[in-house]
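Participant: Build me a model:
(one chain, ligands or ions: 1)
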Amino acid sequence: MKRILELFATGTYSLTGIRSEFLKANIIGEKGKRPMPISSISYVLRNPFYYGVFLHKNEIHQGSHVPMISKKMFDDIQTAMVAFGRPRHDRKKDRGFLFRHFAMCGSCGYSITAERHTKKSGLQFHYYRCTHKSKKEKCEERSFVRQEKFLEEVKRNVGLVSIPDEWKEKFLARIETWESDDSQDRQTQIDAFKAELILIKQKIDRINNGFADGSLDILEFKELKNPLVSSKADLEQKIVALEKGKANRLEPLRNFILEANQAEKWVKEENWLEMKSFLQKVGSNRLLRAQTLTVSFKKPANLLAETVLAVRSTNDFSQQSSRWWSLSGSNR
Ligand SMILES: [Zn+2]
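Facilitator: Now for the predicted structure:
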């Protein structure tokens, strides 16, 4: 039971996929030798009993029994449940492979599928491979990629776009200084526009007075006043825009740094669901060839990946440091 829970927590099994594990472990339905119904399996996977508590009248109580799994693993199981809580036909297609159709074949560009092979000994192996369905491109990729290897490749790619805690803190601090510089620049600009606005208002007043005391006729009055009125409106709009657009500009960058730092934790925790959606988000293309998964990272993830590789290529601490800093150099 513990092994099954651990398997499901990896997020690589669907409910139907994990059902065969129940069967193999001879955990079967109460009504005769039949596989557990999906509803029972889902009940088991949702039961907090396994991490040492129990439900009584809808309240969670601390049990006196030894927990089978950690609370963390229970949470991972709930995440995996959500991921596979899609309509049934969809689940069937996935058959327990989280990364099915996640990548394309590096040779022919066709979708990468996943399948199980059962050896004579009964041992099961999970593989990813090209579907070879392209009619235009002849596929030269004949190798299968073991699931373990594929998952290693997923981790390696996520590792390329991760920011360690230390650098997360440093980058966030730098963003803060940029933001305060920004708001100072903005204030200087606002003050300059306001000064200009006062001059224009004074000019408009003089023209109004000139018209009132008869020193300007109506044509002269219009000719002098109209351009000033439109400059006045223009300045007023600019001031409003500057005052509105506070620090929001750097918010996407801040979020990217936080997420890239989170990615480091997903690798450590082997949180496949998060790693999958993160790679889909920061990469435009994922190719599998010769046992290697290559993600085409989009900006700014591509700059981060280059930096991570540059940092890794040296053991010298100050060089590593300067490579990290160059990421946040003049280019925000
Ligand atoms: Zn192919």
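Participant: how about the strands in the stretch 51-200 of the chain?
Facilitator: According to DSSP state E, counting those that start in this stretch, the stretch 51-200 of the chain carries its strands in the segments 53-56, 59-62, 104-105, 112-118, 124-130, 145-146.
Participant: Which strands or helices does the fourth one pack on?
Facilitator: Counting by 3 or more Cβ pairs under 8 Å, 6 or more residues apart in numbering; DSSP states H and E, the packing neighbours recorded for strand 112-118 are strand 124-130. All C-beta spots, glycine's among them, are computed from the backbone N, C-alpha and C.
Participant: Give the partner strands of the strand it packs on in its sheet and their orientations.
Facilitator: strand 112-118 (antiparallel), strand 145-146 (antiparallel) (DSSP bridges).
Participant: could you redo those strands as a markdown table and give each row distance to residue 13, mean pLDDT and mean neighbour count?
Facilitator: Shown next, in a markdown table, are the strands paired with strand 124-130 (distance: least, Cβ to Cβ, whole Å; pLDDT from 0 to 100; neighbours: other Cβ atoms under 10 Å):
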| stretch | distance to residue 13 | mean pLDDT | mean neighbour count |
| --- | --- | --- | --- |
| strand 112-118 | 11 | 88 | 16 |
| strand 145-146 | 17 | 94 | 20 |
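Participant: okay, those in CSV with distance to residue 69 next?
Facilitator: Formatted as CSV, the strands paired with strand 124-130 follow (distance: least, Cβ to Cβ, whole Å):
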stretch, distance to residue 69
strand 112-118, 25
strand 145-146, 26
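Participant: Looking at those, which is nearest to the ion?
Facilitator: strand 112-118 (8.1 Å; Cβ to the ion).
Participant: what residues does that closest one touch?
Facilitator: By Cβ atoms under 8 Å, 6 or more residues apart in numbering, the list of residues contacting strand 112-118 from outside reads 95, 97, 99-105, 124-131, 147, 288.
Participant: for stretch 283-303, same thing?
Facilitator: 102-107, 112, 128, 130, 141, 143, 145, 149-150, 153-154, 156-157, 160-161, 253, 256, 260, 279-280, 282, 304-305, 327.
Participant: Can you go through these and name the buried ones?
Facilitator: Buried members of these, counted by 16 or more other Cβ atoms under 10 Å: 102-107, 112, 128, 130, 141, 145, 150, 153-154, 157, 160-161, 253, 256, 260, 279, 282, 304-305, 327.
Participant: just for the stretch 151-300 of the chain, where's the confidence low?
Facilitator: Across the stretch 151-300 of the chain, the ranges flagged by pLDDT under 70 are 246-248.
Participant: quick one, domains of the protein?
Facilitator: Domain assignment for the chain by automatic domain parsing gives 2-94, 104-150, 165-250, 255-327.
Participant: From the ion, how far out is residue 239?
Facilitator: Per Cβ to the ion, to the nearest Å, residue 239 is found 59 Å from the ion.
Participant: what's the span of stretch 119-135, first residue to last?
Facilitator: From its first residue to its last, stretch 119-135 covers 31 Å (Cα to Cα, to the nearest Å).
Participant: how would you label residue 268: helix, strand or coil?
Facilitator: Classification of residue 268 by DSSP: H, G, I helix; E, B strand; the rest coil places it in helix.
Participant: What's the local residue count around it?
Facilitator: A total of 10 residues lie near residue 268 under the criterion other Cβ atoms under 10 Å.
Participant: That one and residue 229, how far apart?
Facilitator: 63 Å (Cβ to Cβ, to the nearest Å).
Participant: What of residue 312?
Facilitator: Residue 312 is 61 Å from residue 229, by Cβ to Cβ.
Participant: burial measure for residue 15, as a count.
Facilitator: Count around residue 15 with other Cβ under 10 Å applied: 20.
Participant: My understanding was that it contacts residue 43; is that so?
Facilitator: No - counting by Cβ atoms under 8 Å, residue 15 sits too far from residue 43 to count as a contact (11.1 Å).
Participant: residues near residue 12, how many?
Facilitator: Residue 12: 26 surrounding residues under other Cβ under 10 Å.
Participant: Mind checking what secondary structure it has?
Facilitator: Three-state assignment for residue 12 (three-state DSSP): coil.
Participant: Run through the residues that contact it.
Facilitator: For residue 12, the residues meeting the contact criterion (Cβ under 8 Å, 6+ apart) are 96-99, 126, 147, 151, 272.
Participant: Save the strands paired with strand 124-130 as TSV, and put in distance to the ion too.
Facilitator: Shown next, in TSV, are the strands paired with strand 124-130 (distance: least, Cβ to the ion, whole Å):
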stretch	distance to the ion
strand 112-118	8
strand 145-146	12
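Participant: Nearest to residue 240, out of the strands of the stretch 51-200 of the chain?
Facilitator: Checking these against residue 240 by Cβ to Cβ gives strand 104-105 as the closest, at 47.8 Å.
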